[in-house]
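Novice: Below is the structure, and that's it, no one-letter string:
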């Protein structure tokens, strides 16, 4: 019997549930040792290895946080990501409570060349924050947000969720760009870019990062800012998880009124073409303090759908009527929630639309222009969705994002007008083949209109594609990856391969 499966048995689980935490772990390791003497694991290259009792016990003793094996309380929640179609089983899970625990886990993984996954909020569509047979660092116990209102700075622990940042900062009348779903992890969102309802006004989340504390592949904790380890500071702002595990972010904050005008204008799907034509023109001309997403959606099991414009206007109240007048000119919607509301509330408004209780698959790409040919391709293809839930989204970019030079950070897609995302969702019990084939066929008509892709959403493993996606920044990223992670320990991402 496989050692890591032993404590999944009813006998093993019952025994563990009756024991205190550290004693339960010790008993579990002893039981596993008696059963087989090792835990099966895999390296980053896919080679099988064994983790002996003594090594696991040494790792456990070095942590203030938890070390979990399959069958122990907390393991199932840790290994799962929000995309319920991802079902992977790490050999072991470390749940750090501080930077020292992260350093121990990274050392353990590097010394044994283990496959390593890092999980913050678990929003990775491709499941890159979990793994089969490797070591998962689950940052769910490393959450804290501290605000310094006098310096307009936020200090956010690396495993925190965006809702913690919004809640604490807004209590002082301060904000920074922080996504659109409050249970998103701050680490994954920020390191890859960080779009959000305020990005057109204040820049991407990574544009507001003034420093990070990061554990690199050698197990060292480094501080990176414009004045210290400046090359690493440049790389982590767009380089994703390629360079280490961030244990703390320092964000610049901005004054903003708590009340904004936000909500949805919902139209029947029959108006797809004219609403999309409007958006193609309006998105480019909108002021920085207006954020408008376009969404076409059909629910699972329906033969129709809706088109909606999701709005967040954070500018002066006296200008609101003028700024929003073009949206109102679209005519009477079938549903209208556009109103004055609390900014923190609108940041939570999409939390329940992102439960991910079904299988999901997604394609995405940046759109720099919005020609009529793209509108035609979308309208012609958005049909035949009765067997699956389908959503096409344009996430508004431009504004302050576009005014940052393309080489100022590792993130290169500064010219994007929007990020185009095409989602499908289907019941877990169904085979994915037909559904995935459907969206891939649809995407063939849309992809020619894109220029690169958001690395947080598409963990492309083709080095040539990643090279193109980082544009002129790729050679510098390879140089820094070779310096800070020559063994490619942090590979479960849009991976930058170190030089040989």
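Specialist: Nice, I can see it. All values reported here derive from a predicted model rather than from experimental measurement. Residues are numbered from 1 along each chain as shown.

Novice: any idea of the pLDDT on the nearest residue to residue 411 once chain neighbours are set aside?
Specialist: Excluding the flanking residues, the one nearest residue 411 by C-beta to C-beta, 6 or more residues apart in numbering is residue 238, at 3.0 Å. Glycine gets a C-beta too; all of them are placed from N, C-alpha and C. Predicted confidence (pLDDT) for residue 238: 97.

Novice: Could I get the contacting residues of residue 238?
Specialist: Contacts for residue 238 (C-beta atoms under 8 Å, 6 or more residues apart in numbering) come out as 191, 192, 193, 206, 409, 410, 411, 412, 455, 470, 473.

Novice: so can I have JSON lines of the residues you listed showing distance to residue 395, neighbour count and secondary structure?
Specialist: As requested, these are arranged in JSON lines below (distance: C-beta to C-beta, whole Å; neighbours: other C-beta atoms under 10 Å; DSSP: H, G, I helix; E, B strand; the rest coil):
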{"residue": "191", "distance to residue 395": "18", "neighbour count": "33", "secondary structure": "helix"}
{"residue": "192", "distance to residue 395": "13", "neighbour count": "25", "secondary structure": "helix"}
{"residue": "193", "distance to residue 395": "11", "neighbour count": "28", "secondary structure": "coil"}
{"residue": "206", "distance to residue 395": "16", "neighbour count": "24", "secondary structure": "helix"}
{"residue": "409", "distance to residue 395": "19", "neighbour count": "23", "secondary structure": "coil"}
{"residue": "410", "distance to residue 395": "20", "neighbour count": "26", "secondary structure": "coil"}
{"residue": "411", "distance to residue 395": "15", "neighbour count": "24", "secondary structure": "coil"}
{"residue": "412", "distance to residue 395": "17", "neighbour count": "23", "secondary structure": "coil"}
{"residue": "455", "distance to residue 395": "15", "neighbour count": "26", "secondary structure": "coil"}
{"residue": "470", "distance to residue 395": "20", "neighbour count": "24", "secondary structure": "coil"}
{"residue": "473", "distance to residue 395": "22", "neighbour count": "21", "secondary structure": "helix"}
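
Novice: Tell me where the stretch 401-500 of the chain has helices.
Specialist: 433-446, 463-469, 474-484 (DSSP state H, counting those that start in this stretch).

Novice: count of residues packed around residue 164?
Specialist: 18 (other C-beta atoms under 10 Å).

Novice: meant to ask about residue 80
Specialist: 17.

Novice: for stretch 107-124, how far is the first residue from the last?
Specialist: Using C-alpha to C-alpha, to the nearest Å, one end of stretch 107-124 lies 24 Å from the other.

Novice: The chain should start at 5 in everything you say after this.
Specialist: Okay, using 5 as the starting number, the last item reads as stretch 111-128.

Novice: Give me the mean pLDDT for it.
Specialist: pLDDT averaged over stretch 111-128 gives 96.

Novice: if we can go back for a sec, of the helices of the stretch 405-504 of the chain, give the one that comes closest to residue 250.
Specialist: Closest to residue 250 of those is helix 478-488 (C-beta to C-beta; 13.0 Å).

Novice: How far off centre is the closest one?
Specialist: 22 Å (C-alpha atoms, centre = their mean, to the nearest Å).

Novice: next one: stretch 297-307
Specialist: 23 Å.

Novice: For the stretch 405-504 of the chain, give me the ranges with low pLDDT.
Specialist: Along the stretch 405-504 of the chain, the model assigns pLDDT under 70 to residues 462-465.

Novice: and with 80 instead?
Specialist: 432-433, 461-465 (pLDDT under 80).

Novice: quick one: residue 334 and residue 283 touch, right?
Specialist: No: between residue 334 and residue 283 there is no contact under C-beta atoms under 8 Å: 9.8 Å.

Novice: Torsion angles phi and psi at the closest residue to residue 53 other than its chain neighbours?
Specialist: What sits nearest to residue 53 in space, not counting adjacent residues and going by C-beta to C-beta, 6+ apart, is residue 45, at 5.2 Å. With angles defined as degrees, to the nearest 10, residue 45 sits at phi -150, psi 170.

Novice: Could you measure from residue 398 over to residue 414?
Specialist: 24 Å (C-beta to C-beta, to the nearest Å).
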